[in-house]
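Participant: Predicted model follows, preceded by the sequence.
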Amino acid sequence: MTSLTARTAAEKMDRQYRVQRHIYDATRTHYLFWRQRLIADLRPPAGGSVVEVACGTGWNIIRAADLYPHAQLYGLDISSEMLATARAKVAAKRLSHRIQLAHGDATAFDLKALFGQPLADRIFISYAVSMIPGWPAVIERAVQSLSPTGALHIVDFGTMGRMAPAAKWALRRWLAHYNVTPRDDLERIAREMAVRHNLALSFEETPRGYSAYAVLRKRQ
């Protein structure tokens, strides 16, 4: 059963992206940094599974499919509007046999219910935690869904702590217009998750803190 909170979030996302989804990729490519680096870092095992949480228009997952031809890929999103665009793009690339997409709540997804696969070798979240109010639950759920050799990759806006104050204020105000809130405590939450689940963590930001990149990995 879908919760009232999830339905409200889905309706909000659908309203926001009903029109934007048609121009989303063209307008975001130039400022969503480190996405391609994240995809290159995934390196799933042969025949492994890759899940994108909040897959949006499918931009990332299609590139992951191209880079890892022997992996099976899955994407979930709470917005039906974004999924419509993603499905069209996947079909146009003739990747429907390798990429499965489903409507799902990032804070409470169930991989087995959605895709028939309880765990994933790689899970990634690209510029989505900054748009989800209950974002720590997204990371918690993703960590719980990792295979014994799995890893969670997250890229998003950083603290912007080394930007000029005026530039930081202007950027955050502009992002707020699109319901985006950089998570200044992403590193803290990631470290707490690493301790609680006995995971290895790597975390870094771009020189001025514009973007952040976290990897939580099962210890071998």
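Facilitator: It's in.

Participant: Isn't I123 up against V51?
Facilitator: Yes - applying CB atoms under 8 Å, one finds I123 in contact with V51, separated by 4.7 Å. All C-beta spots, glycine's among them, are computed from the backbone N, C-alpha and C.

Participant: which residues do these two both contact?
Facilitator: S145 (CB atoms under 8 Å, 6 or more residues apart in numbering).

Participant: Scan the protein for its longest strand.
Facilitator: strand 146-157 (DSSP state E).

Participant: can you list the residues that contact it?
Facilitator: For strand 146-157, the external contacting residues (CB under 8 Å, 6+ apart) are 33-35, 37-38, 41-42, 45, 49, 119-130, 139, 142-143, 175, 180, 182-183, 186, 190, 210-218, 220.

Participant: ok, now stretch 121-128?
Facilitator: So stretch 121-128 is contacted by 28, 32, 35, 38-39, 42-45, 48-54, 56, 60, 64, 106, 138-139, 142, 145-147, 149-157 (CB under 8 Å, 6+ apart).

Participant: cool, stretch 191-205 as well?
Facilitator: Contact partners of stretch 191-205, identified using CB under 8 Å, 6+ apart, comprise 139-140, 143-144, 158-159, 161, 187, 190, 211-219.

Participant: Report the mean per-residue pLDDT for it.
Facilitator: Averaged across stretch 191-205, pLDDT comes to 97.

Participant: Now it - C-alpha only, CSV.
Facilitator: Extracted C-alpha coordinates of stretch 191-205, given in CSV (Å, rounded to 0.1, in the frame of the first residue of the first chain):
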residue,chain,number,x,y,z
ARG,A,191,29.6,8.1,8.4
GLU,A,192,26.9,7.1,10.9
MET,A,193,25.6,4.6,8.3
ALA,A,194,29.1,3.2,7.8
VAL,A,195,29.5,2.6,11.5
ARG,A,196,26.1,1.1,12.0
HIS,A,197,26.4,-1.3,9.1
ASN,A,198,30.1,-1.9,9.3
LEU,A,199,30.8,-0.4,5.9
ALA,A,200,33.8,1.3,4.4
LEU,A,201,33.2,4.9,3.4
SER,A,202,34.9,7.3,1.1
PHE,A,203,33.8,10.9,0.9
GLU,A,204,35.0,13.9,-1.0
GLU,A,205,33.9,17.3,-2.3
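
Participant: how far does stretch 69-81 sit from the chain's center?
Facilitator: 10 Å (CA atoms, centre = their mean, to the nearest Å).

Participant: ugh, typo on my part, it should be stretch 184-201
Facilitator: 17 Å.

Participant: Please apply the same query to stretch 211-220.
Facilitator: A distance of 13 Å separates the centroid of the chain from that of stretch 211-220, by CA atoms, centre = their mean.

Participant: quick one on the thing from earlier: next helix or strand past the longest strand of the chain?
Facilitator: helix 165-176 (DSSP states H and E).

Participant: got the angle for that next one vs strand 146-157?
Facilitator: Computed by axes from the mean of the first three to the mean of the last three CA atoms, to 10 degrees, the angle separating helix 165-176 from strand 146-157 equals 120 degrees.

Participant: what about the helices in this structure?
Facilitator: Assigned by DSSP state H, the helices in the chain fall at 4-20, 24-28, 35-42, 59-67, 80-92, 111-115, 135-144, 165-176, 186-197.
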